[in-house]
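Enquirer: dropping a prediction and its sequence here:
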Amino acid sequence: MIDLASIDKSWTLFLDRDGVINHEKHKDYIHTWNEFRFYDGVTDAFKIFSSFFHRIIIVTNQRGVGKGVTKLDDLHMIHANMQQEIEKAGGHIDAVFYCSDMNDDSPFRKPNPGMGLQALQQFPDIDIKKTIMIGNTMSDMEFGKNLGVYTVFLPTTRPEVNIHDEKIDAVYSSLIEFARAVERGNK
């Protein structure tokens, strides 16, 4: 279980993108910035997170790039605009790691921990025991457990997931709900 009152600037937050920060497209990919839609409250959530977490890092599988249906330039534009909107709202993102590999056995494709290990290499100040992964799939939860971090599940797109699964440490309905819980836990 996560002790929300212990979260301070020594903690790190990993987040998935689609289904956590923005609406997913059913059985498709977000190809361009015009298709990207933040969930309600997300920019406010990042502002809150930025008050409590030292590092905020996005880890996202982007198989659409590997398939050639999403252009790499468009993916970079999505991430640059996403960061800009979050910064305008008073939040921050330290880095965005993505995996465009097609094969599930790629060490960088979640649930494998490669993107997390890249983050640890880039930011050696990350304390893995003070790190949380937020996602909307069991692959995200497995990634968190493979990395050895706490997991928070958002049932935004996968209501069929057993929220009592041992890979899930906490469940919140949205990113803003979790952000407000962190804020309340620290008052």
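Expert: Sure, I can see it. Fair warning: this is a prediction, and the values are worked out from it, not measured in the lab.

Enquirer: what ranges do the helices span in the protein?
Expert: Per DSSP state H, the chain carries helices over the ranges 42-52, 63-67, 72-88, 114-122, 138-147, 175-185.

Enquirer: out of those helices, which gets nearest to residue 164?
Expert: helix 138-147 (12.0 Å; C-beta to C-beta). Glycine gets a C-beta too; all of them are placed from N, C-alpha and C.

Enquirer: what is the closest one packed up against?
Expert: helix 114-122, strand 131-135, strand 150-153 (3 or more C-beta pairs under 8 Å, 6 or more residues apart in numbering; DSSP states H and E).

Enquirer: now these as CSV including mean pLDDT?
Expert: Formatted as CSV, these follow (pLDDT from 0 to 100):
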stretch, mean pLDDT
helix 114-122, 98
strand 131-135, 98
strand 150-153, 98
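
Enquirer: what about the ones you listed, which gets the closest to residue 88?
Expert: Here strand 131-135 is closest among those (C-beta to C-beta), at 21.5 Å.

Enquirer: on that earlier part again, which one of the helices and strands packed on helix 138-147 lies closest to residue 34?
Expert: strand 131-135 (24.8 Å).

Enquirer: so how far is the closest one off the chain centroid?
Expert: 7 Å (C-alpha atoms, centre = their mean, to the nearest Å).

Enquirer: would you confirm that residue 46 contacts residue 88?
Expert: No. Counting by C-beta atoms under 8 Å, residue 46 stays clear of residue 88, with 10.4 Å between them.
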